[in-house]
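Visitor: return atomic coordinates for the entry below.
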Amino acid sequence: MSATVQEARPAAPSRATPMRGLTGTGGLVRLILRRDRFLLPSWVIVLALIPINFVAATESLYPTAAERLKYAQTTGTNPTFLALYGPLYDSGLGGIIAQRSGFLPVVVALISALTVVRHTRTEEEAGRRELLGATVTGRGAGLAAALIVTMAADLALGALLTAGLVAQGLPFAGSLAFGLQLAAAGCVFAAVAGVTAQLSEGAGAARGTAIAALGAAFVVRMAADVGGAGNGLSWLGWLSPLGWENRLRAYGGERWWTLALVAALTAALVAAAGVLSARRDVGAGVLPPKLGPADAPRLLSGPLGLGWRLQSRALYGWLAGFAALGVVYGAVAGGVGDMVKDNPDLEKIFTRLGGQGGITDAYFASIVGMLGLIASAYAVSATLRLRTEETGQRAEPLLATPVGRLRWAAGHLVFALLGPVALLAVAGLAAGLAHGLDTGDPGRVVPRVLGAALAQLPAVWLVAAIALALFGLAPRITAGASWAAVGVFAVVTLFGAGLGLDQWALDVSPFSHVPKLPGHEFTPAPLVWLLAVAAVLSALGLVGFRRRDLSTG
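Guide: As a prediction, the model looks like this:
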C-alpha cells in the first residue's frame, strides 16, 4: 500500500533553468527583425548620417584651425551650450563634431527604450505574448529577443558611425569612442526599459517611466556640465549614464575604462529585468495597479471623456518636455550672435535660413521648425491611439453601444488637433520669455516667437491627417507607414539642403512650405493649401473607417 501511495504521489515541481527559460529566443529575434525590417535600419542609418554630415558642413564653415579654435572658445565656455551638448574636449574637427552631436545619445536612448517596450509590454498588453507563450517558448525569450535586437542595432549604429567618420579622415580612436558613446547610451536605456516593462501592467506606464529615467539622467548630466570643468557640481556627471558616455572623451584623450561602468550597469539592469519577468504573471506587473475612485466624474462620460482618460497623461508629459525645450532654446538664443560674429560665412547661412530678420530670427526660425517636427510625432501618436484601441479589441464593445464610429474617433482626434496647439504654444511662450527676459524686451519677443511656433500647425496637422487616412484606408500598415512619413519629413527638412536634394524632393515635406518666421514675410497661401490637403486626407480616413470592418491586427 505504501509503495502504491508513493508511486501515485506527484513529483515536486522543478524550477526551470535559465537556459530553458530562453527557449525560442532565436525565433523571436527573427520575428522582430522581420517586423522591423524597414523601421530598424531607417533610424540606425539616419542617426549615423547626422554626425557624418556635420563633418563636411563644419569643414566648410571653419576651414582653418584658427577659426575652429574661436568656435571652440565660444561653445566650450558658454553655459547653455555646455548644458545642452556637453563639454568640448578638443578644438579640432573631431571634438567639434562630437560636441555638436551631444544631444544624439539622448535620441538613441529614447528610441532604444521605446523599441524594447514595444516588443515586450506592448506585445503582452495586446495578448500576443500569451499566444506565443503557449508554444515552445521560454518565459524570458520575449524580453531577451527585444534586448538582443535593440542592443545589436545600437552597436550597428556605433560601427556605422565609426566607419563613416574614419572615411571622412577623422582619427580612428576618437571615431570609435564617439560611436561607442551612442551605442552605450542606447544599450543602457534599452536595459532600463526592460526593467520598466516589468513594473506596470500598461505599455504607456512602462514608456513613461523609462522616459522619466532618461529625463532624470539628462538633467543630472546638464547640472554637471553647465559650469564647465570648474563647476563645483561636475562630480554629478558620475551619477548619470549620460555623463559616463560623455566622459569617454572622444577625440580628447579617450578614457576607455568608462565603458566598464556602462557594461556593469547594463548587465545589472538586464539581470534585474530577467528576475522580475520570471516572478510575475503574464499580463500583470510587479507593482499593483492603483485603484481609482468608486465613482467617475461626469467629465469622463462619453467618447471625449474616455479620450481624455486615455490621452491626458501622455499630453502632460509632452507639455513638460516642450516647456523645457522652449526654455533651453530661448536661453541659447542670446549666444548665437557670439557664435557667428567672427565667421561671415556662418552668418550668411543663418541669415539666409531666417529671411531678412537677422541671425537671432534665423535661429528661432530653425528652432520652431524642429519643434514642429517633434509636435508632429505627438500628433501621430495621438492619432494612432485609435488603431491601438481597435487592435486591443476595446473599440468593438464601445461601438456596439449607441456611440457611433465618428463620435468615438473624434474623442481621440481632438487631441491630435488641439494637442499640438498646446505644445507649440507652451514652447513658443517659454522660448520667447527666456530670450525676452534676457534681452529686456519680452513684449516684442514673445509674440513673434509664439506666432512663429503656431505657424507650424498646418504642417503638423497634415502629418496627423496622413496617419488618419492610413487608419481608415490601410489599417494594417498604419503605424509603420505613419512613423515612416515622420522620419522622411524630418530627414528632408533637417538635412535635405545639406544633402543637395532637388527642389521637388524638398517639397515632399510639408514643413518646407511653412514660412520661415520670425524674420520672413508671412504668406498665408501655403498654409491654406496645407490645411486643405489635411482636410481632404482626414475626410478620406474617416469615410474609410466608417465603411470598413474592424480588425484585430
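Visitor: looking at residue 2 now. What's its pLDDT?
Guide: Listed pLDDT for residue 2 reads 42.
Visitor: again, but for residue 521
Guide: Note for residue 521: predicted pLDDT of 77.
Visitor: now do the phi/psi pair for it.
Guide: Residue 521 adopts backbone torsions of phi -70, psi 130, taken as degrees, to the nearest 10.
Visitor: burial of it, as a residue count?
Guide: By other C-beta atoms under 10 Å, 10 other residues sit near residue 521. For glycine as for every other residue, the C-beta is placed from the backbone atoms N, C-alpha and C.
Visitor: now do residue 320
Guide: By the criterion of other C-beta under 10 Å, residue 320 has 12 neighbours.
Visitor: tell me how far stretch 439-448 is from the chain's mean position?
Guide: 30 Å (C-alpha atoms, centre = their mean, to the nearest Å).
Visitor: an error on my part: the question was meant for stretch 363-377.
Guide: 14 Å.
Visitor: check stretch 177-191 too.
Guide: Here stretch 177-191 shows a centroid-to-chain-centroid distance of 15 Å under the convention C-alpha atoms, centre = their mean.
Visitor: list the buried residues for the lengthiest helix in the chain?
Guide: Longest helix in the chain, counting residues (DSSP state H): helix 302-340. Across helix 302-340, burial judged by 16 or more other C-beta atoms under 10 Å covers 303-304, 306-308, 310-311, 314-315, 317-319, 321-336, 339-340.
Visitor: would you mind listing the residues in contact with the nearest residue to residue 202 once chain neighbours are set aside?
Guide: Distances taken as C-beta to C-beta, 6 or more residues apart in numbering put residue 125 closest to residue 202, at 6.4 Å, once the chain neighbours are dropped. By C-beta atoms under 8 Å, 6 or more residues apart in numbering, the contact list for residue 125 reads 201, 202, 203, 283, 392.
Visitor: the nearest residue to residue 249 once chain neighbours are set aside: neighbour count?
Guide: Among residues not flanking residue 249 along the chain, residue 89 sits closest, at 4.9 Å (C-beta to C-beta, 6+ apart). Neighbourhood size, residue 89 [other C-beta under 10 Å]: 23.
Visitor: residue 523 versus residue 89, what's the distance?
Guide: 45 Å (C-beta to C-beta, to the nearest Å).
Visitor: pLDDT of the helix or strand harbouring residue 449, averaged?
Guide: Using DSSP states H and E, residue 449 maps to helix 442-454. Averaged over helix 442-454, pLDDT sits at 89.
Visitor: off-centre distance for the next helix or strand after it?
Guide: Downstream of helix 442-454, the first helix or strand assigned by DSSP H and E is helix 457-473. Chain-centre distance of helix 457-473: 19 Å, with C-alpha atoms, centre = their mean.
Visitor: try stretch 360-374
Guide: Here the centre of stretch 360-374 is set off from its chain's centre by 18 Å, with C-alpha atoms, centre = their mean.
Visitor: what packs against the helix holding residue 449?
Guide: helix 359-391, helix 405-439 (3 or more C-beta pairs under 8 Å, 6 or more residues apart in numbering; DSSP states H and E).
Visitor: dump the helix or strand following the shortest one to PDB, restricted to CA.
Guide: Following helix 359-391 in sequence order, the next helix or strand is helix 395-399 (DSSP H and E). What follows is helix 395-399 as a C-alpha-only set of coordinates in PDB (Å, rounded to 0.1, in the frame of the first residue of the first chain):
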ATOM      1  CA  ALA A 395     -13.200  49.600 -29.600                       C
ATOM      2  CA  GLU A 396     -15.700  46.900 -30.600                       C
ATOM      3  CA  PRO A 397     -17.600  46.800 -27.300                       C
ATOM      4  CA  LEU A 398     -18.000  50.600 -27.300                       C
ATOM      5  CA  LEU A 399     -19.100  50.700 -30.900                       C
END
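Visitor: which parts of helix 395-399 are buried?
Guide: Across helix 395-399, burial judged by 16+ other C-beta under 10 Å covers residue 395.
Visitor: again, but for stretch 369-384
Guide: Neighbour-count burial for stretch 369-384 flags 369-384 (criterion: 16+ other C-beta under 10 Å).
Visitor: go through those and name the one nearest residue 197.
Guide: Checking those against residue 197 by C-beta to C-beta gives residue 381 as the nearest, at 18.2 Å.
Visitor: the closest one against residue 311, yeah?
Guide: No - using C-beta atoms under 8 Å as the test, residue 381 is too far from residue 311 to be in contact (9.1 Å).
Visitor: give me the number of neighbouring residues for residue 547.
Guide: Residue crowding around residue 547 was assessed by other C-beta under 10 Å; the count is 10.
Visitor: which residues of the stretch 101-250 of the chain fall in helices?
Guide: 104-119, 121-125, 128-133, 141-167, 172-199, 203-225, 241-246 (DSSP state H, counting those that start in this stretch).
Visitor: worst average pLDDT in the ones you listed?
Guide: With a mean of 68, helix 128-133 has the lowest mean pLDDT of the helices of the stretch 101-250 of the chain.
Visitor: which helices and strands does the longest helix of the chain pack with?
Guide: Counting contacts by 3+ C-beta pairs under 8 Å, 6+ apart, helix 302-340 packs against helix 65-75, helix 79-85, helix 203-225, helix 344-353, helix 359-391, helix 405-439.
Visitor: out of the helices and strands packed on helix 442-454, deepest packed?
Guide: Counting by mean count of other C-beta atoms under 10 Å, helix 359-391 has the highest mean neighbour count of the helices and strands packed on helix 442-454, with a mean of 23.
Visitor: report all helices and strands that that one contacts.
Guide: Contact analysis of helix 359-391 by 3+ C-beta pairs under 8 Å, 6+ apart lists helix 302-340, helix 344-353, helix 395-399, helix 405-439, helix 442-454, helix 457-473, helix 478-495 as its packing neighbours.
Visitor: among those, which is nearest residue 172?
Guide: Closest to residue 172 of the helices and strands packed on helix 359-391 is helix 478-495 (C-beta to C-beta; 25.2 Å).
Visitor: check which residues of the closest one are buried.
Guide: Buried residues in helix 478-495, defined by neighbour count with 16+ other C-beta under 10 Å: 478-479, 482-483, 485-487, 489-494.
Visitor: likewise for stretch 460-475?
Guide: Buried positions in stretch 460-475, judged by neighbour count with 16+ other C-beta under 10 Å: 460-473, 475.
Visitor: which one among the residues you listed gets closest to residue 516?
Guide: residue 460 (16.0 Å).
Visitor: could you check how far that closest one is from residue 373?
Guide: Distance of residue 460 to residue 373, computed by C-beta to C-beta: 8 Å.
Visitor: same check on residue 431?
Guide: Residue 431 is 15 Å from residue 373, by C-beta to C-beta.
Visitor: now do residue 327
Guide: Residue 327 is 19 Å from residue 373, by C-beta to C-beta.
Visitor: one more: residue 174?
Guide: From residue 174 over to residue 373 the distance is 30 Å, taken as C-beta to C-beta.
Visitor: who touches stretch 436-443?
Guide: 330, 331, 333, 334, 432, 433, 444, 445, 446.
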